[in-house]
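Undergrad: Dropping the sequence and predicted coords here.
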Number of protein chains: 2
Amino acid sequence: MSVSIKEVAKLAGVSVATVSNVLNQTKNVRAETKSKVEIAVSQLKYQINPLARNFRKGESKVIGFVVSDLSNYFFQNVAIGLERSLSNYGYLVALMDSKESKTLEIENVKNLLALSVDGLVIATTGEDCCYLNLILENHDVPVVFVDRKPFGFKSDMVLSTNNEGAYLGIKHLIQKGHEKIGFITSRNDSTMGERIEGYRQAYLEAGLQVNENHILTGDNNVSISQNLLLHGIAYTQAKRLVEAGEVTALFAGNNLSSIGVYNYLREANIKVPEEIAFLTFDDSFWLSMTTPSISAIKQDPDMIGSVAGQLIYERISDKTNEQPDRILRIPTCLVLRSSV
Amino acid sequence: MSVSIKEVAKLAGVSVATVSNVLNQTKNVRAETKSKVEIAVSQLKYQINPLARNFRKGESKVIGFVVSDLSNYFFQNVAIGLERSLSNYGYLVALMDSKESKTLEIENVKNLLALSVDGLVIATTGEDCCYLNLILENHDVPVVFVDRKPFGFKSDMVLSTNNEGAYLGIKHLIQKGHEKIGFITSRNDSTMGERIEGYRQAYLEAGLQVNENHILTGDNNVSISQNLLLHGIAYTQAKRLVEAGEVTALFAGNNLSSIGVYNYLREANIKVPEEIAFLTFDDSFWLSMTTPSISAIKQDPDMIGSVAGQLIYERISDKTNEQPDRILRIPTCLVLRSSV
DNA sequence: AAAATTATTTTAAACGATTAACCTATGTAT
DNA sequence: ATACATAGGTTAATCGTTTAAAATAATTTT
């Protein structure tokens, strides 16, 4: 069916090695011979068999992207950036959704390795990634983490400037006169830890005392699609804080909680920003379509993905590189709308 | 480094063929021999080399998904469904974003084939897909189209019940007393044709005369991300119809135009649904977070993706199957909120 | 018990590239 | 003229499976 390098060699009257050398420019070939090969290639419409090459070279040209929650638009944009960046290097990106389940995440990693991907980009569900050490033991596969920092496993990571972003947001609220700001998030991981740290820094800088009761973290992982069906823990958290008259502003720690918080404010008919100001971490287009539109700390998931792609490419193409693990931070910024 | 089937055979004291037969259950093997092999496998922690298998079998276990616009949440959900369904069969899904560019789409298809995917799922940008005939000429790769119907190329397709969906929506508006309904969409393809057909049917059934000036189609392809930056053609279309006092209701033909239309209604401070009723094709969570929340014809992109996965799997695993090309329709339904 | 049938296992040839090791000219230094 | 490089090209092994075809063993039939 498809023509092989042998037939090209025969037609060109040279050996297969020479054809290979012409094709890959791996050895010097006389111009005359080269053009004989090239003519044969184009006459036979030869196309390399990537399966054979991959087999021989021991690579698959596929990078796996294991996503904690693919229904979350944040990660969808990470995927877009990742795909764009890796396609430059001839790599495919294979998606796997963990649906916020650690079990499924492990399953996904195993499956990807079983299909022999060349690298792994992981947005982990829980942060405990000890399991990877065992699984990766006899696979020489580089790993890059995005968005959430793992523990128990060492590798490159690409994260947002969580601390700085939250700091910026809280500072903005404080400048607008708020001194009692509720920090609401359904998660409780290192990323949230960093954002809370930013919260504290802004308070400290303003000479305000942090009221620990105003920081409400959750502990359960929920996917966005689930969160939309259930009311979401953030809804209840917001309700509690506001009804107790505890706060004058709410800060949602991520997009998941922003939905819960906003739903509460809306259903309770609370005037935003007059009665309660609202600001959220993680931007999206729908935030400009609500009434009022919602100010946000904008992350750059696309950039996170594309940087992760570069990192993994570097690791793959330079296996000798014993460079220490890097943590790269992608900037965040404040997008002002009408909710503060 | 990694242990091969040869070493397993040696340890078990059988031939490699027998090991292969045990592993793949391709031939009957005596229970005794079988267990000898199994013991050797587990002792050596043997894992098959998928690269070698793929090479030998001439398959890659990767399906390419070429998406017209990956920033569109509709397609993101198609991707989710596709991934879920194909992972059941041991296939990976590789994403490629065409960013609403035909050139890029062709590039993507070529690249995927060059990396030898086993199948192709395509959400095409323009509908003219003649180019595929040439490219696929000497690749035996099944193709399934989703969302948009191609012309110039024959294959399976998975589409929404566009006609019925639009019919349902327009009928609903008519029941609410509207007789002058603007149909707004930035695209003009067969999918829109079907939806407009539904519009006409509902009008016909109600004994109303269609005013052709109320049907505004566009002709340019824009990605959602672009659309969010530019104001979007739908914005202007809505403005025109409403300011001319031509209509009492607006129907957005897809999610892209819904954003433009809603932005106009909001910026122009038009009371929805009192002054103008609003209904859109394609549901999303943000439609329930606007004021008022927006009624929609809900599609099931996840289902579209998962059905596409099944179709392509069937075609791959049963190459002899000379079954004619199928068009599968995934149901749509009306989700009532407060904009009508 | 020999012949015929069936079940199990082995042999060895693919699959299509890459690449180390080996030739063979041709040119250069001694 | 001899030895020595160097450039250009070929040979043949190799990667780890699968799978026809052949060989052998076990079972059934006559």
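TA: Received, thanks.
Undergrad: the strands in the stretch 1-150 of chain A, which residues?
TA: With DSSP state E, counting those that start in this stretch, the ranges of strands along the stretch 1-150 of chain A come out as A:62-67, A:92-97, A:119-123, A:143-146.
Undergrad: The ones you listed: which one's closest to B:Arg187?
TA: strand A:92-97 (26.4 Å; Cβ to Cβ). Quick note: C-beta positions are derived from backbone N, CA and C, even for glycine.
Undergrad: As a markdown table, the strands of the stretch 1-150 of chain A with distance to DNA strand C would be great.
TA: Formatted as a markdown table, the strands of the stretch 1-150 of chain A follow (distance: least, Cβ to the nearest atom of the strand, whole Å):
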| stretch | distance to DNA strand C |
| --- | --- |
| strand A:62-67 | 17 |
| strand A:92-97 | 18 |
| strand A:119-123 | 19 |
| strand A:143-146 | 24 |
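Undergrad: out of these, nearest to B:Leu44?
TA: Comparing the strands of the stretch 1-150 of chain A under Cβ to Cβ, the one sitting nearest is strand A:119-123, at 24.6 Å.
Undergrad: partner strands of that closest one, parallel or antiparallel?
TA: Paired with strand A:119-123 in the same sheet, following DSSP bridges, are strand A:62-67 (parallel), strand A:143-146 (parallel).
Undergrad: Pretty sure A:Asp283 sits against A:Pro301.
TA: No - using Cβ atoms under 8 Å, A:Asp283 makes no contact with A:Pro301, being 9.6 Å away.
Undergrad: can you pull the pLDDT of A:Phe65?
TA: Per-residue pLDDT puts A:Phe65 at 98.
Undergrad: what's the answer for A:Pro324, then?
TA: Reported pLDDT for A:Pro324: 88.
Undergrad: To what extent is it buried, counted in neighbours?
TA: 6 (other Cβ atoms under 10 Å in any protein chain shown).
Undergrad: pLDDT-wise, which helix or strand of chain A ranks last?
TA: One helix or strand of chain A scores below all others by mean pLDDT, DSSP states H and E: helix A:224-229, with a mean of 73.
Undergrad: buried set for the helix or strand following it?
TA: Moving toward the C-terminus from helix A:224-229, the next helix or strand (DSSP states H and E) is helix A:233-243. Neighbour counts over helix A:233-243 (16 or more other Cβ atoms under 10 Å in any protein chain shown) mark A:Ile233, A:Ala234, A:Tyr235, A:Thr236, A:Gln237, A:Ala238, A:Lys239, A:Leu241, A:Val242 as buried.
Undergrad: and whichever helix or strand comes after helix A:233-243, average pLDDT?
TA: Downstream of helix A:233-243, the first helix or strand assigned by DSSP H and E is strand A:249-252. The pLDDT scores in strand A:249-252 average 98.
Undergrad: quick check, the least confident helix or strand of chain A touching chain B?
TA: Yes - Helix A:224-229 reaches chain B (Cβ under 8 Å from any Cβ of the partner chain) through A:Ile224, A:Leu228.
Undergrad: what sits against the closest residue to DNA strand C within the stretch 51-200 of chain A?
TA: Nearest residue of the stretch 51-200 of chain A to DNA strand C, counting by Cβ to the nearest atom of the strand: A:Ala52, 3.5 Å away. The contact partners of A:Ala52, by Cβ atoms under 8 Å, 6 or more residues apart in numbering or on different chains, come to B:Phe55.
Undergrad: gap between it and B:Pro50?
TA: Going from A:Ala52 to B:Pro50 by Cβ to Cβ, to the nearest Å gives 14 Å.
Undergrad: Next: A:Gly165.
TA: A:Gly165 is 41 Å from B:Pro50, by Cβ to Cβ.
Undergrad: and the stretch 51-200 of chain A, which of its residues are near chain B?
TA: Residues of the stretch 51-200 of chain A found near chain B (Cβ under 8 Å from any Cβ) are A:51-52, A:54-55, A:58-62, A:64, A:70-71, A:73, A:76-77, A:79-80, A:83-84, A:87, A:90, A:92-97, A:111-112, A:114-116, A:138, A:140.
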